[in-house]
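Participant: I'll drop the sequence and a predicted model, then ask my questions.
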Amino acid sequence: MRFEIVFTIEAEEDIDELKASDRAKILDAIEIHLRYEPEKMSKSRIKRLQGLEWPQYRLRVEDLRVFYNVVYTVTDGVVEILAIKEKEQVINWLAEYGIGES
């Protein structure tokens with residue numbers, strides 16, 4: 001199944017703030033890893049975030065982290081890119097915006 005990829009406003013702002021080389025790496029990784037198998041977890045690249053309802057997943061691209069959710073509709077699937085953060089920002093971002101499982 002081919003997933004549609006959509007970016008939130010925050011994710012678009014995060015991409016705009018990146019250096020051109022980092023932006024290219026992130027967009028390539030999103031296309032390669034999330035377009036067809038966004039839920040295929042790996043040892044270090046894609047992880048399902050434990051204890052969180054939002055965001056659901058994290059994609060690692062060098063020192064950058066892409067947070068996203070996977071949503072299924074009747075006809076297809078959507079990968080919603082929520083934010084792109086540097087490794088050092090992750091704990092604070094998740095503490096502020098992450099929603100725990102109920």
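Facilitator: Sure, I can see it. Residues are numbered from 1 along each chain as shown.
Participant: give me the most central residue, this protein.
Facilitator: F67 (2.8 Å; C-alpha atoms, centre = their mean).
Participant: what segments of the protein are strands?
Facilitator: 4-7, 46-48, 52-54, 57-61, 64-72, 77-86, 99-100 (DSSP state E).
Participant: ok, A95 - how many residues close by?
Facilitator: If you count neighbours by other C-beta atoms under 10 Å, A95 ends up with 8. (C-beta placed from N, C-alpha, C; glycine too.)
Participant: which one's the longest helix in this protein?
Facilitator: helix 20-34 (DSSP state H).
Participant: give the rounded mean pLDDT of that helix.
Facilitator: Regarding helix 20-34, the rounded mean pLDDT is 97.
Participant: what comes up buried for stretch 45-59?
Facilitator: 46, 52, 55-59 (16 or more other C-beta atoms under 10 Å).
Participant: returning to that earlier point: the residue nearest to the centre of the chain contacts V79, doesn't it?
Facilitator: No. Counting by C-beta atoms under 8 Å, F67 sits too far from V79 to count as a contact (11.1 Å).
Participant: could you tell me how far G51 is located from G98?
Facilitator: Note on G51: its distance to G98, by C-beta to C-beta, to the nearest Å, is 9 Å.
Participant: let me see the contact set for the residue lying closest to G77 once chain neighbours are set aside.
Facilitator: Excluding the flanking residues, the one nearest G77 by C-beta to C-beta, 6 or more residues apart in numbering is F3, at 4.5 Å. Contacts for F3 were tallied using C-beta atoms under 8 Å, 6 or more residues apart in numbering; they are 34-36, 38, 70, 76-79.
Participant: tell me how many other residues surround L82.
Facilitator: 20.
Participant: OK, contacts around the residue lying closest to it once chain neighbours are set aside?
Facilitator: Take L82 and drop its neighbours on the chain: the residue closest to it by C-beta to C-beta, 6+ apart is F67, 4.7 Å away. Contact analysis of F67 by C-beta under 8 Å, 6+ apart lists 49, 55, 57-58, 81-85, 93.
Participant: cool, thanks, signing off.
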